[in-house]
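Asks: fold the following and give me the result.
(chains A and B)
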Amino acid sequence: GESVGLHLPTLSVQEGDNSIINCAYSNSASDYFIWYKQESGKGPQFIIDIRSNMDKRQGQRVTVLLNKTVKHLSLQIAATQPGDSAVYFCAENRGYSTLTFGKGTMLLVSP
Amino acid sequence: EPEVTQTPSHQVTQMGQEVILRCVPISNHLYFYWYRQILGQKVEFLVSFYNNEISEKSEIFDDQFSVERPDGSNFTLKIRSTKLEDSAMYFCASNPRGRAGDEQFFGPGTRLTVL
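Replies: Numbers count the residues shown, from 1 in each chain, chains lettered A, B, ... in the order given. Model (predicted):
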């Protein structure tokens, strides 16, 4: 969903569940898409990225899927843990290194 | 592991005052950035800096803002006359080569409160 003002979309899951966080991006010319994790009071932390010529990339417990047809990016977190609780942002960059961030989704993991 | 550091962690100032936010990027990185995040909102790009000059800036980065690399380690953001709407978290970031796909490393941020 879309966020308005202070209200972030929130995904609540149980520990051990798989989580899927979605993002719509705007610019079809973007070269790279990146997922960042932001814990309370901290700066964004890189999780995983994907080039525009790929549709899937896997990391440790995380998978990013890119659907360029509908300009959609998703982050899948396997076996979600309480330490995964944070706000997750997608970001895009377009041939140079400046990042354009999406609006963020809060992930809440219950033990 | 090398990291970006920022000082102070929290800055409170009166409207109209000048503030300088300080950052020490990772030592062998060449590109530096400032972003801001108003409470509860997304992170917004302000400015990028390479080879001692601004390489790109957003429409947020108006004449009230300036950046400087006064020595070989520090990277500063100055706001000349702060406004209430400048209250936000300000993040510094650095990037090894400034290429798309290079990981951008963020500092912990400075919370600026303008009263």
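
Asks: please make it C-alpha for all contacts and neighbour counts, starting now.
Replies: Fine.

Asks: show me the helices in chain B, by range?
Replies: Under the criterion DSSP state H, chain B carries no helices.

Asks: how about the residues of it that lie near chain A?
Replies: Contact residues (Cα under 8 Å from any Cα of the partner chain) of chain B with chain A: B:39-45, B:48, B:91, B:98-109.

Asks: among those residues, which ones are buried?
Replies: Buried members of these, counted by 16 or more other Cα atoms under 10 Å in any protein chain shown: B:40-45, B:48, B:91, B:98-101, B:103-109.

Asks: who does the helix or strand of chain A with the lowest mean pLDDT pair up with?
Replies: Ranked by mean pLDDT, DSSP states H and E, the weakest helix or strand in chain A is strand A:100-101, scoring a mean of 90. Strands that pair with strand A:100-101, judged by DSSP bridges, come out as strand A:86-93 (antiparallel).

Asks: okay, and for chain A, where does confidence drop off?
Replies: Within chain A, the segments meeting pLDDT under 70 span A:1-7, A:94-96.

Asks: in it, mark out all the strands, start to finish.
Replies: With DSSP state E applied, chain A shows strands at A:10-14, A:19-24, A:32-38, A:45-51, A:56-58, A:62-67, A:72-77, A:86-93, A:100-101, A:105-110, listed in chain order.

Asks: same check, this time on chain B
Replies: Per DSSP E, chain B carries strands over the ranges B:5-7, B:10-13, B:19-24, B:31-37, B:44-50, B:53-57, B:65-68, B:75-79, B:88-95, B:105-106, B:110-114.

Asks: and these, which is most packed in?
Replies: A comparison of the strands of chain B by mean neighbour count, using mean count of other Cα atoms under 10 Å in any protein chain shown, puts strand B:88-95 on top with a mean of 27.

Asks: contacts for that one, please.
Replies: A:43, B:4, B:6, B:23, B:25-26, B:29-39, B:102-113 (Cα atoms under 8 Å, 6 or more residues apart in numbering or on different chains).

Asks: same question, stretch A:40-52
Replies: Here stretch A:40-52 makes contact (Cα under 8 Å, 6+ apart) with A:30-38, A:56-57, A:59, A:62, A:64, A:66, A:68, A:86, B:91, B:101, B:103-109.

Asks: start to end distance for that stretch?
Replies: Taking Cα to Cα, to the nearest Å, stretch A:40-52 runs 30 Å from one end to the other.

Asks: list the buried residues of that stretch.
Replies: Using 16+ other Cα under 10 Å as the test for burial, stretch A:40-52 gives A:Gly43, A:Pro44, A:Gln45, A:Phe46, A:Ile47, A:Ile48, A:Asp49, A:Ile50, A:Arg51, A:Ser52.
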